[in-house]
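Enquirer: Sequence plus predicted model, see below.
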Amino acid sequence: MTLIAPTLQVFFTERFARQCQASPRTIAAYGDAIRVLLGFVQQRTGTAPAKLDWNDLNAGVISGFLDHVEDERGNSTRTRNVRLTAIRSLFSCAALQHPELALLVQRVLDVLPKRFDKRTVTFLTGPEVDGLLAAPVPKRWEGRRDKAVLAPAVQTGLRVTELTSLDCGDITVGEGAAVRCGGKGRRQRTVALDRPVRNLLGAW
């Protein structure tokens, strides 16, 4: 067992899951980033992940991996930066577990995220929203289902992940009609529903 293996276990089971209370989705994303990194190192050096040591993951290797993510895997700059965030979190944990790696860790933490142009947030106009809501065919159950999904999405502004994670218990259609959801960062919020959407959901 190398120094990497026990630190990975501590990072994902103790620090990340219990202390930071990261969501399962975030843990999965970080785990995927580390998996891709270890696969990259194995491909370039021929060293299996089980035999890697921290010196095999120096700042030069990390920078090369980030270039690989963009140039060879075709990922966006945003994805590259997310991968870097996962790596930096792991190395911050390593600094606590292995003080003797302070210089190596600091050099990796000094690897900077890339800047990128952020897209302008766009939105549908009123007529476009009306056209979208009129598209489902009410005579078919699929159409009624689609309308029951689209109408609250338009009114509440829920994210797709928030919308698809709802169940009947999250929706109140009587007095004080509202929808409750778990948002980004596991924040809970409640959004009121207007009468047309309330009636639509009640019928569905």
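Expert: Cool, got the structure. Because the structure is a prediction, the values reported are computed rather than measured.

Enquirer: Residues touching stretch 51-71, excluding its own?
Expert: Residues outside stretch 51-71 that contact it (Cβ atoms under 8 Å, 6 or more residues apart in numbering) are 2-4, 36-38, 40-42, 44-45, 47, 75-77, 79-80, 83-84, 87, 94, 98, 101, 104, 107-108, 110-111. For glycine as for every other residue, the C-beta is placed from the backbone atoms N, C-alpha and C.

Enquirer: Out of those residues, which sit inside helices?
Expert: 4, 36-38, 40-42, 44-45, 77, 79-80, 83-84, 87, 94, 104, 107-108 (DSSP state H).

Enquirer: Separate out the buried members of the contacts of stretch 51-71.
Expert: 3-4, 36-38, 40-42, 75, 80, 83-84, 87, 94, 98, 101, 104, 108, 111 (16 or more other Cβ atoms under 10 Å).

Enquirer: Show me the helices in the protein, by range?
Expert: 4-9, 24-45, 59-71, 77-97, 102-109, 126-134, 141-156, 160-164, 195-203.

Enquirer: Show me what the last one packs onto, helices and strands only.
Expert: Spelled out, it's helix 195-203. Secondary-structure packing of helix 195-203 (3 or more Cβ pairs under 8 Å, 6 or more residues apart in numbering; DSSP states H and E): helix 141-156.

Enquirer: Where does pLDDT dip in the protein?
Expert: Counting by pLDDT under 70, the chain has low-confidence residues at 1-2, 17, 183-186.

Enquirer: looking at it, which residue lies furthest from center?
Expert: Lys139 (37.1 Å; Cα atoms, centre = their mean).

Enquirer: From Lys147, how far off is that one?
Expert: Lys139 sits 12 Å away from Lys147, going by Cβ to Cβ, to the nearest Å.

Enquirer: how far away is the residue most central in space within the chain from Asp146?
Expert: Per Cα atoms, centre = their mean, the C-alpha nearest to the average position across the chain is that of Thr26, at 5.5 Å. Look at Thr26 and Asp146: by Cβ to Cβ, they are 30 Å apart.

Enquirer: Ok, Tyr30 next?
Expert: When Tyr30 is compared with Asp146 (using Cβ to Cβ), they lie 34 Å apart.

Enquirer: Tell me which of those two has more neighbours.
Expert: Shown here are Tyr30 and Asp146; by other Cβ atoms under 10 Å, Tyr30 has more neighbours (21 against 17).

Enquirer: Setting aside sequence neighbours, what's the nearest residue to that one?
Expert: Leaving out its chain neighbours, the residue that sits closest to Tyr30 by Cβ to Cβ, 6 or more residues apart in numbering is Ala86, at 4.1 Å.

Enquirer: quick one, what contacts that neighbour?
Expert: Under the criterion of Cβ under 8 Å, 6+ apart, the neighbours of Ala86 are 29-30, 33-34.
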